[in-house]
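Q: Whatever this is, show me its structure:
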Amino acid sequence: MIRDLDDTIEQLLTTQAEEGSELATASISFELPNADWRAALEGLTVNCYLYDIRENRELRTVEPPIQWSADGSRAIRRQAPARIDCAYCITAWSTANDDAVREEHRVLSQVLRILLQNPTVPTEALRGSLITQIPPYPTVVASDDVTNNLPEFWGALDQQLKPSLNYIITLAMSLDESPEEGDMAPRPGEVRITVDDPSEAED
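A: Got it, this is the predicted structure:
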């Protein structure tokens, strides 16, 4: 699920980057931006590092969703999904000899604009298991949660303070297995009827 979220964020940034912008030519990375990673950079890169995963209890609901069968004739009551907050620290890294900081600031601004323009993830950007996620997909851009420990965060990576965006997206995690078709209930007002095969009846 989290890998699909990475792919979704990459799809969102690459497809909505303005043609000819710095972001349109930048690479997207999800690795830890430590010294070894920084030393291997070969061009302008946007790093989206997942630094925190936790349950969002404010969005918890006790109302169980209903899942219908493919033909729409039967349904099953599922457990209410858990809502999980995934927090990313998004930074820009330039290898330019001149004006590197300004290039980083420009691409970071372009990322921020895209995230603000999409308060929820567009359907066309969803990848993998997120395609069947239960909406909505709330996001928080530039939250102050991460700022309390920024010096410690970058100090642990042997890096001076770096401008960053704190991007939080909430997923719905199913708590039960997908039901078999035979386990699904009939629609309200309908009765499931089974007919015995006469040839199998005992004499």
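
Q: can you tell me which residues contact Asn47?
A: Contact partners of Asn47, counting by CB atoms under 8 Å, 6 or more residues apart in numbering, are Ser29, Phe30, Glu31, Pro33, Trp37, Cys89, Ile90, Thr91, Ala92, Trp93. Where you see a C-beta, it was placed from the backbone N, CA and C, and this is true even at glycine.

Q: Looking at the residues you listed, which one is closest to Leu5?
A: Leu5 has its nearest neighbour among those in Phe30, at 9.6 Å by CB to CB.

Q: Just give the number of residues close to the closest one.
A: 17 (other CB atoms under 10 Å).

Q: That one contacts Tyr49, doesn't it?
A: Yes - under the criterion of CB atoms under 8 Å, Phe30 makes contact with Tyr49 at 6.7 Å.

Q: Please pick the buried ones from the contacts of Asn47.
A: Ser29, Phe30, Pro33, Trp37, Cys89, Ile90, Thr91, Ala92, Trp93 (16 or more other CB atoms under 10 Å).

Q: of all those, which comes closest to Arg102?
A: Ala92 (10.6 Å).

Q: And the next helix or strand past the lengthiest helix in the chain?
A: Longest among the helix segments of the chain by residue count, using DSSP state H, is helix 100-117. Beyond helix 100-117 in the direction of the C-terminus, DSSP states H and E gives the next helix or strand as strand 139-141.

Q: buried stuff in the helix or strand that that next one is followed by?
A: Downstream of strand 139-141, the next assigned helix or strand under DSSP H and E is helix 150-156. Neighbour-count burial for helix 150-156 flags Phe153, Trp154 (criterion: 16+ other CB under 10 Å).

Q: residue ranges for the strands of the chain, please.
A: 27-29, 45-55, 66-68, 74-77, 82-93, 139-141, 165-173, 185-186 (DSSP state E).

Q: rewinding a little: possible to save the contacts of Asn47 as TSV with distance to Ala17 and pLDDT?
A: Compiled in TSV, the contacts of Asn47 are given as follows (distance: CB to CB, whole Å; pLDDT from 0 to 100):
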residue	distance to Ala17	pLDDT
Ser29	15	97
Phe30	17	97
Glu31	20	95
Pro33	20	93
Trp37	22	94
Cys89	20	92
Ile90	14	94
Thr91	16	94
Ala92	13	96
Trp93	16	95
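
Q: Appreciated, that's everything.
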